[in-house]
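Enquirer: just a sequence and a predicted model for now, questions to come.
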Number of protein chains: 2
Amino acid sequence: MSASTRVHNFCAGPCTLPVSVLEEVRDELLDFDGTGMSIIEASHRAAAYDAVHMQALADFRSLAAVPDDFAVLFLQGGASLQFAQVPMNLLADGETAGYVNTGTWAKKALGDAKKVAPVYEAWSGADGSFSRMPSTDEIEVRDGSRYLHVTSNETIGGIRFPALPTVDVPLVTDMSSDFLSRPIDWDAHDLVYGGAQKNLGPAGLAVVVVRKDRLSTHGRDLTSYLDYATHESNDSMANTPPMFAIYVMGKVLSWMQAEGGLAAFEQRAAERASLLYGAIDGSDGWYTCPVDEASRSHMNIVFRLPDEDLEKRFVAEAAEAGMVNLKGHRSVGGIRASVYNALPVASVEALVDFMAGFRSSNS
Amino acid sequence: MSASTRVHNFCAGPCTLPVSVLEEVRDELLDFDGTGMSIIEASHRAAAYDAVHMQALADFRSLAAVPDDFAVLFLQGGASLQFAQVPMNLLADGETAGYVNTGTWAKKALGDAKKVAPVYEAWSGADGSFSRMPSTDEIEVRDGSRYLHVTSNETIGGIRFPALPTVDVPLVTDMSSDFLSRPIDWDAHDLVYGGAQKNLGPAGLAVVVVRKDRLSTHGRDLTSYLDYATHESNDSMANTPPMFAIYVMGKVLSWMQAEGGLAAFEQRAAERASLLYGAIDGSDGWYTCPVDEASRSHMNIVFRLPDEDLEKRFVAEAAEAGMVNLKGHRSVGGIRASVYNALPVASVEALVDFMAGFRSSNS
């Protein structure tokens, strides 16, 4: 299939990747870099893979401007395993932390952390159907909290923190769904984590960036894989890493650097979001966005149509027109257009055109 | 590169895969099954991936003849995370299990399990430099043991159990390095696990097969990802699975079925091993195998040359002749030829020829 016949993929994750990256992966699939074998057949201890791995670590550090006193770890198990691994590694016995409950993902993080340590809910958006992020002064940070956990963007609710809370304790932020779509304030953080499968690459890889002096301070008898220190001291090769996902993410990181780095991607995200929210807001209330305006996500744009039948037809007709994965999450319904780093603005323009046409045919 | 110019890859893992599988992956890389996107861009909730995932689960079950009362789980974190997850899930508070220490991998499993539960070493091969597997009557199984953990094949030492021990408690077997290279006695097992990256596919995927009535019996407050029940009740899609690795493994499983199933692969493994051990044993002691004859691995054939300088030259000259990754593990030295399921017999024949030539040029 030629690049021009590919669909517009609005999937919430995994998500669309740059065509140039996919073409490179395809062309190298039977012989990576003259080794006479595929990258998925290579030893993780061999020079060819080692170069890919170390370059991906370095490129992540450079692209995200990660300071030297933070470690970059490539792990498995997704953000889901981090919901447990973060408190296991950052909280010593009896220590506590606050969790800001902004929706599905924050709730999962809190649920797992409660099994590890006496953490608490520092704010809940349940009353408002998780349609907005809190301001800093709404968040309760209890004395002695080791960190405050936040979710920078909620994929299902379609909300994001325009700026993260400013609190007196370090932040720990799940950035799975807007990872490397805007600069990160490292001074405010002890740890940042996220699955790679939205903005950065294929599923099967989580990236954790953790302040080095927080490693090995937990005092717990952690098993090897669950201890961040195991991975830090082995450049994330203590065991066989998820090599293919790291290799593809490395190519995406190179592409992002060539395209102008985080500043460029923050600007593109704003442009994509502005086009879509503009189409919603300019529809005289035919399309509606259930999200508080200040909390509107730049990655997952959710909206409703006048009724559910129209929503079903919208999704079906959009798919016929080559715009796929627009159905909202089963838990909230409606429409969701996920517009991650690699989604071309042209895909968003196509959707905006389709929205106008669908409205005029159905109103 | 054409298939015919590929190297002979004797890597201990990850390892060589069937060329036909790699070609399919390459050809589908930009458009999987007419979806207009790559499999690595697809939603794990979409029909196209769902079919791949469920077929891989079914094919694993069918190929390994897994009975209905066992669950097949696709997890992340490799066998390394299983070293912790197995005792967390199979041992309630205070329960114990025996671990047979047959080398590097068994020792890691034991080390992690000790952090979870009061387990014990049921046999150790340390005295004999881990050059053989124990017989059943050498293994101490203490009263009240919930299971006996064994490693069916030790990649580094180059030893395997020709038949697993026959004991009065269920076996838990790490099959990472000979997974699906011979039939599995399910009656004897509560659980079998292994990383996929040797016989079955790319790195980043572990397969766990566990007796269903052992799920949720641990009484522990396990976090979501670490509890097998989470994955069992969601067909291993509780969170985003390692989709690419599952997709490739699915193709390898189909290929294995078409090639005759486990019986055929057991026979091929015996043939490959016999060629190599024959070359060693027929060299008048120039090549030597440090492993007890009854415990010789059919997957990782280790041998020594008269001195280390010759070993270095052997590895270098073999690589020049297109036979790569023959260096023994850094902890034991020597030569190691790993001959997994997808390695053609022709690769072994090439190595046997090379061994004869190298010996006659250097003795």
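Expert: It's in. Numbers count the residues shown, from 1 in each chain, chains lettered A, B, ... in the order given.
Enquirer: how many other residues sit next to the residue of the stretch 251-363 of chain A found nearest chain B?
Expert: Using CB to the nearest CB, the closest approach of the stretch 251-363 of chain A to chain B is made by residue A:325 at 5.7 Å. The way it works is simple: take the backbone N, C-alpha and C, and place the C-beta from them, glycine included. By other CB atoms under 10 Å in any protein chain shown, 25 other residues sit near residue A:325.
Enquirer: now swap in residue A:307 and tell me
Expert: Neighbours around residue A:307, by other CB under 10 Å: 8.
Enquirer: please state the offset of the lengthiest helix in chain A from the chain centre?
Expert: Determined from DSSP state H, the single longest helix within chain A is helix A:261-281. Computed by CA atoms, centre = their mean, to the nearest Å, the separation of helix A:261-281 from the middle of its chain amounts to 16 Å.
Enquirer: show me what that helix is packed against.
Expert: strand A:300-303, helix A:345-362 (3 or more CB pairs under 8 Å, 6 or more residues apart in numbering or on different chains; DSSP states H and E).
Enquirer: out of these, which one sits most buried?
Expert: Among the helices and strands packed on helix A:261-281, strand A:300-303 has the highest mean neighbour count (mean count of other CB atoms under 10 Å in any protein chain shown), at a mean of 26.
Enquirer: can you tell if that strand touches chain B?
Expert: No: Strand A:300-303 does not reach chain B (CB under 8 Å from any CB of the partner chain); its nearest approach is 13.3 Å.
Enquirer: quick one: the helices in the stretch 151-300 of chain A, in order.
Expert: Along the stretch 151-300 of chain A, counting by DSSP state H, counting those that start in this stretch, helices occupy A:228-232, A:243-258, A:261-281.
Enquirer: what's the most buried one of these?
Expert: It is helix A:243-258: most buried of the helices of the stretch 151-300 of chain A by mean count of other CB under 10 Å, with a mean of 22.
Enquirer: that helix and chain B, any residue contact?
Expert: Yes: for helix A:243-258, a contact with chain B is found by CB under 8 Å from any CB, at A:243-245, A:248.
Enquirer: redo the residues you listed as JSON lines? Include distance to residue A:196.
Expert: Shown next, in JSON lines, are the residues of helix A:243-258 next to chain B (distance: CB to CB, whole Å):
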{"residue": "A:243", "distance to residue A:196": "13"}
{"residue": "A:244", "distance to residue A:196": "11"}
{"residue": "A:245", "distance to residue A:196": "6"}
{"residue": "A:248", "distance to residue A:196": "9"}
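Enquirer: give me the element the closest residue to residue A:96 other than its chain neighbours is part of.
Expert: The shortest distance from residue A:96 to any non-neighbouring residue, by CB to CB, 6 or more residues apart in numbering or on different chains, is to residue A:118 (5.3 Å). Following DSSP states H and E, one finds residue A:118 outside all helices and strands.
Enquirer: quick one: residue A:214 and chain B, what's the gap?
Expert: 20 Å (CB to the nearest CB, to the nearest Å).
Enquirer: contact partners for that residue?
Expert: Contacts for residue A:214 (CB atoms under 8 Å, 6 or more residues apart in numbering or on different chains) come out as A:89-90, A:190-191.
Enquirer: would you mind checking which of those residues is nearest to chain B?
Expert: After measuring those against chain B - CB to the nearest CB - the closest member comes out as residue A:89, at 12.8 Å.
Enquirer: what sits against the closest residue to the closest one other than its chain neighbours?
Expert: Leaving out its chain neighbours, the residue that sits closest to residue A:89 by CB to CB, 6+ apart is residue A:228, at 4.9 Å. By CB under 8 Å, 6+ apart, the contact list for residue A:228 reads A:71, A:73, A:85, A:89, A:208, A:210, A:215.
Enquirer: ok, residue A:228 to residue A:78 distance?
Expert: According to CB to CB, to the nearest Å, residue A:228 stands 16 Å off from residue A:78.
Enquirer: about what we covered before: contacts only, for the residue of the stretch 251-363 of chain A closest to chain B.
Expert: A:9-12, A:338, B:43, B:46.
Enquirer: give me the buried entries from those.
Expert: A:9-12, A:338, B:43 (16 or more other CB atoms under 10 Å in any protein chain shown).
Enquirer: inside strands: which ones of the residues you listed?
Expert: Among the buried ones among the contacts of residue A:325, the ones falling in strands (DSSP state E) are A:9, A:338.
Enquirer: let's have the buried ones among the contacts of residue A:325 in JSON lines, adding distance to residue B:26 and pLDDT.
Expert: Converted to JSON lines, those look like this (distance: CB to CB, whole Å; pLDDT from 0 to 100):
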{"residue": "A:9", "distance to residue B:26": "20", "pLDDT": "96"}
{"residue": "A:10", "distance to residue B:26": "26", "pLDDT": "96"}
{"residue": "A:11", "distance to residue B:26": "23", "pLDDT": "95"}
{"residue": "A:12", "distance to residue B:26": "27", "pLDDT": "94"}
{"residue": "A:338", "distance to residue B:26": "27", "pLDDT": "97"}
{"residue": "B:43", "distance to residue B:26": "22", "pLDDT": "94"}
